[in-house]
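Participant: I would like the atomic coordinates for the input below:
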Amino acid sequence: MRMKIIVLAKQVPDTRNVGKDAMKEDGTINRAVLPAIFNPEDLNALEQALRLKEQHPGTTVTILTMGPGRAAEIIREGLYRGADDGYLLTDRAFAGADTLATSYALALAIQKIGSFDLIIGGRQAIDGDTAQVGPQVAEKLGLTQITYTEEIVKIENNRITAKRKIPGGIETVEAPMPIVVTVNGSAAPCRPRNAKLVQKYKRALGAQEKAERTKNGAALPYAELYENRPYLNIIEWSVADVNGDVAQCGLSGSPTKVKTVENIVFQTKENKSFTDSDSDIEALMKELIGNHTIG
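Facilitator: The predicted structure is shown next:
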């Protein structure tokens, strides 16, 4: 079965080292002070897509991401591992998007891409940890979804069989396609870059990256390559390109507001031990309710 697979991927700030400057005054992440990386669980999703490509000759894998011009790096990383092409949603109007605005933009881009059989992405991004974008994209496109996937077992007769990791065990489910699938970080890790593909795509650039390199009248290095090798031109789409409503994009389309981000380190003296006795459990519940951790 020949398929068209779209992989939803995100360039995220490395949240393992969050400092005091991690947030801007408007409540958005200050990405300039944090290293940018490929969202880990999206790499797990990419691996599942690439395995399907190997199993089903003629299958294509497309990377779809949203972000500033530098997010084209995510598409290059996908190409280095075996993806066929990619699209970058980039526009100032997309900035500051929460999950609602992000899924809106991604759904519009998917509709513009056209036909597809499978949309796959990581369960969640490490900068938000919401696990909402995949399911919201499915809802906006009117598609079935499988979440918390550990492995795509097979695809036959336009139906997908997948294993999900759920509390207490593994669940095997079957569903019709087209479909949206989200993948856990405990799924198979993504393969490393392929040396030949790195050589092929290392000069692939988006329009914003080209503009940056030609700033102040400088000539674009290897300009002839972009004319003779179209696959080196990473496609960028704005809000207008996907026929989006600016009011539903970025901050203006995001009801979620983040007040602050803190890097909390617990000290040994702050630790408490509890037994499984009724009295200890009751004391723990009272403390959690009292400090509004639950309830």
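
Participant: show me the shaky parts of the protein.
Facilitator: Across the chain, the ranges flagged by pLDDT under 70 are 15-33, 261-264, 266, 268-269, 295.

Participant: beta partners of the nearest residue to Pro176 once chain neighbours are set aside?
Facilitator: What sits nearest to Pro176 in space, not counting adjacent residues and going by C-beta to C-beta, 6 or more residues apart in numbering, is Arg159, at 5.7 Å. All C-beta spots, glycine's among them, are computed from the backbone N, C-alpha and C. The bridge-partner assignment for Arg159, based on DSSP bridges, gives Glu156, Pro176.

Participant: just checking, next helix/strand downstream of the host helix or strand of Thr172?
Facilitator: Secondary structure assignment for Thr172, by DSSP states H and E: strand 169-176. Scanning forward in sequence from strand 169-176 by DSSP H and E, the next helix or strand is strand 179-183.

Participant: just give me how far that following strand sits from the chain centre.
Facilitator: Relative to its chain's centre, strand 179-183 lies at 12 Å (C-alpha atoms, centre = their mean, to the nearest Å).

Participant: quick one: contacts of that strand?
Facilitator: Strand 179-183 has contacts (C-beta atoms under 8 Å, 6 or more residues apart in numbering) with 41, 44-45, 48, 118-124, 131, 134-135, 137-138, 141, 143-150, 152, 160, 162.

Participant: so how do I select the buried members of those residues in ChimeraX?
Facilitator: Restricted to buried positions by 16 or more other C-beta atoms under 10 Å, the ChimeraX selection for the contacts of strand 179-183 reads:
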select :41,44,45,48,118,119,120,121,122,123,124,131,134,135,137,138,141,143,145,146,147,148,149,150,152,160,162
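
Participant: let's see which of the contacts of strand 179-183 end up in helices.
Facilitator: Using DSSP state H, Glu41, Asn44, Ala45, Gln48, Gly134, Pro135, Val137, Ala138, Leu141 are the members of the contacts of strand 179-183 that sit in helices.

Participant: ok, the residues you listed vs Ser273, which is closest?
Facilitator: Glu41 (32.7 Å; C-beta to C-beta).

Participant: which residue ranges form the strands in the stretch 51-200 of the chain?
Facilitator: For the stretch 51-200 of the chain, applying DSSP state E, counting those that start in this stretch gives strands covering 60-66, 85-89, 118-122, 144-156, 159-166, 169-176, 179-183.

Participant: quick one: buried residues of the fifth one?
Facilitator: So that's strand 159-166. For strand 159-166, by 16+ other C-beta under 10 Å, it's Ile160, Ala162, Lys163, Arg164, Lys165.

Participant: coming back round to it: and the strand holding Thr172, what does it pack against?
Facilitator: strand 144-156, strand 159-166 (3 or more C-beta pairs under 8 Å, 6 or more residues apart in numbering; DSSP states H and E).

Participant: quick check: angle from it to strand 179-183?
Facilitator: Angle of strand 169-176 versus strand 179-183, following axes from the mean of the first three to the mean of the last three C-alpha atoms, to 10 degrees, is 160 degrees.

Participant: cheers, nothing more for now.
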